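In: here are the coordinates; sequence isn't available:
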C-alpha cells in the first residue's frame, strides 16, 4: 500500500495528541493511563505503517512514544513513592500501638 505524497499518518497524530493530553487527563477523569496506553499503541502502529507506506509523521509518532514512555515511568515512580509513604505510616502506627 502506497500513501499519497506528503500525507501524514493519522495514527502518528493520534499518538502525539494523546501523549500531550494524557498528563492532564489524570485531573479531568478521562484517564491519563488509558491515554498513555493509547498513545504507545498508536505510536508503534504508526511507525510500522510509515515504514510500509512511506507516509510522513514518523517524528510525531516518535515524539508521542517518548512522551508516553516518560509519562509512564514517572507515573510508576509516583505510585512507588506513595506506596512507600503508606507502608512507612502503617509501620509507624504499628510501632506506636505496640509500644516500641
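Out: Sure thing, it's come through. Everything numeric in this text was worked out from a predicted model, so none of it was measured.
In: which residues in the chain form helices?
Out: Using DSSP state H, the helices of the chain run over 10-28, 32-53, 58-98.
In: How far off centre is the last one?
Out: In terms of CA atoms, centre = their mean, to the nearest Å, the centre of helix 58-98 is set 13 Å apart from its chain centre.
In: shaky segments in the protein?
Out: 1-5, 100 (pLDDT under 70).
In: circling back: can I get the helices of the chain in JSON lines with mean neighbour count?
Out: For the C-beta atoms, the positions are set from N, CA and C on the backbone; glycine is no exception. Below are the helices of the chain laid out as JSON lines (neighbours: other CB atoms under 10 Å):
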{"stretch": "helix 10-28", "mean neighbour count": "19"}
{"stretch": "helix 32-53", "mean neighbour count": "19"}
{"stretch": "helix 58-98", "mean neighbour count": "13"}
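In: For residue 25, which non-adjacent residue is spatially closest?
Out: Counting by CB to CB, 6 or more residues apart in numbering, residue 25 lies nearest to residue 32, which is 4.3 Å off, once chain neighbours are set aside.
In: wait, what's in contact with the one you found?
Out: 22-26, 71, 75 (CB atoms under 8 Å, 6 or more residues apart in numbering).
In: what about 10 Å?
Out: Neighbour list for residue 32: 21-26, 71-72, 75 [criterion: CB atoms under 10 Å, 6 or more residues apart in numbering].
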